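>>> based on what follows, work out the 3D shape:
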Amino acid sequence: ALYDEALPRVYGYLLRRCGRAGLAEDLCAQTFLAAVGSVRRHDPAPLSVAWLIGVARHKLIDHWRAQSREERGLSLIGEGPGPEGDDPWDAQLDAMRAQDTLAKLIPPHRAALTLRYLDDLTVPDVAAHLDRSLHATEGLLVRARRSFRRAYEAEEVGDA
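Below you'll find the predicted structure:
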């Protein structure tokens, strides 16, 4: 069944990104609850492992945003990290920004970059997953990185 195939992949995806087993388990449960909720709608999205990983990504981003809001609130009342030193959430916020940028790319670019850099696949493995030649995949990755860089830098200028 889809659950048996997807559970280890969704959990592994979340664990690699958050680094905490308990949090990965909670987010995995939220992901599958969201999938059940989607199936109950009149026009559900087609269920697949890729779709579930997309839902998991959104659940992780939501978690990071909530955590960031909580930290900002605590720092305002003097209980969180102060202005001195590095903000421990900078890396997570950068990761969220990168994920948001990735989500804005066209699907072929997003798929290639996700497989190559988030899932740590080799270029030949990415080519096999995308059913492309090695040469075509290398070209796709060059274009995808260029698109990502432009979108990321444009967002940086917009935030300033």
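
>>> what's the closest non-adjacent residue to residue 151?
residue 101 (4.8 Å; Cβ to Cβ, 6 or more residues apart in numbering). Backbone N, C-alpha and C define where each C-beta goes, glycine included.

>>> in what helix or strand does that neighbour lie?
helix 90-104 (DSSP states H and E).

>>> kindly report the same for residue 56.
helix 49-76.

>>> and the angle from that helix to helix 90-104?
In terms of direction (axes from the mean of the first three to the mean of the last three Cα atoms, to 10 degrees), helix 49-76 departs from helix 90-104 by 140 degrees.

>>> what helices or strands is helix 49-76 leaning on?
helix 2-18, helix 21-40, helix 90-104 (3 or more Cβ pairs under 8 Å, 6 or more residues apart in numbering; DSSP states H and E).

>>> now do the SS call for the nearest residue to residue 38 once chain neighbours are set aside.
Spatial nearest neighbour of residue 38, chain neighbours left out: residue 44 (5.0 Å); criterion: Cβ to Cβ, 6+ apart. Three-state assignment for residue 44 (DSSP: H, G, I helix; E, B strand; the rest coil): coil.

>>> residue 44 contacts residue 34, doesn't it?
No: assessed by Cβ atoms under 8 Å, residue 44 is found out of contact with residue 34, at 11.3 Å.

>>> compare neighbour counts for the two and give me the winner.
residue 34 (15 against 12; other Cβ atoms under 10 Å).

>>> what about that one, distance to residue 67?
19 Å (Cβ to Cβ, to the nearest Å).

>>> with residue 38 instead?
Residue 38 is 25 Å from residue 67, by Cβ to Cβ.

>>> same question, residue 58
15 Å.

>>> okay, these two: which has more neighbours?
Higher neighbour count among residue 58 and residue 67: residue 58, with 16 against 13, using other Cβ under 10 Å.
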